[in-house]
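**Q** predicted model and sequence follow; I will ask about them next.
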Amino acid sequence: MSRGTLERLAGRVREEGPPLEVREPLGQAETVFGELAAAGPRTSERGDEYAFVVESVREGYLCHYGTSRVLDDPDPDLALLAGDLFYAIGIRGLADLDDLESTGILSDLIRVAAELQAADRPDLAESLWLGQITALSCGKDDRQAAAVAALATRSEGAREALAAWSEEAADAHRLGRAFDVARTAIDSRPSNF
């Protein structure tokens with residue numbers, strides 16, 4: 001799935017044309033959040049579509065705050081515009097899925113992650129990614145929503161509460177390897193990813 005998802009994103013960029021250029025060869029970038037999104041009971045029937053939505057949003061996030069997996073070294077201003085394009089591609093894909101709960105989850109993810117980045121807390125933003133994509137995959141509840149709200153205000157214990165909820169949800173819904181790989185990826189990612 002990972003290679004196909006990024007190739008599909010690259011195809012969308014090629015359709016847009018200049019000034020955006022696709023990294024050639026595309027390489028073997030990780031797509032752990034898309035794989036996690038596709039693994040859950042809410043999403044598995046249309047797993048490829050959910051993976052594409054999540055990886056589009058992830059690519060937008062990486063263009064804004066990290067390094068693109070798809071684009072060939074855009075300048076900072078172009079990277080910001082490209083990030084907005086990837087967010088729009090993801091949101092459009094989500095609209096096609098007609099999934100209101102996932103719309104709220106991804107909207108909160110984009111908003112709170114931006115707030116955490118502005119507060120110079122990319123580590124908390126990565127924890128948020130794991131929690132929100134687990135929620136997208138399995139469904140959210142009041143406990144998860146409270147943990148995200150606490151993380152948004154950088155409350156003490158919020159990261160741990162969201163991590164505990166995520167692990168319990170992943171276990172209950174048998175996300176297994178997809179969850180473990182995503183968790184390991186964020187735990188091992190350098191702070192400036």
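**A** Cool, the structure landed.
**Q** quick check: mean pLDDT across stretch 131-145?
**A** Averaging pLDDT along stretch 131-145 yields 96.
**Q** name the single longest helix found in this structure.
**A** Criterion DSSP state H: the longest helix present in the chain is helix 76-97.
**Q** list the buried ones in the helix or strand following it?
**A** Later in the chain than helix 76-97, the nearest helix or strand by DSSP states H and E is helix 100-118. Applying a neighbour-count criterion of 16 or more other CB atoms under 10 Å, one finds S102, I105, L106, D108, L109, I110, V112, A113, E115, L116, Q117 buried in helix 100-118. C-betas here are computed from N, CA, C, even on glycine.
**Q** neighbouring contacts of helix 100-118?
**A** Helix 100-118 has contacts (CB atoms under 8 Å, 6 or more residues apart in numbering) with 42-43, 50, 53-54, 57, 60-61, 64-65, 87, 90-91, 94-95, 122, 124-125, 128-129, 132-133, 135-136, 139-140, 148, 151-152, 154.
**Q** quick one: distance of that helix to the chain centre.
**A** Offset of helix 100-118 from its chain centre (CA atoms, centre = their mean, to the nearest Å): 10 Å.
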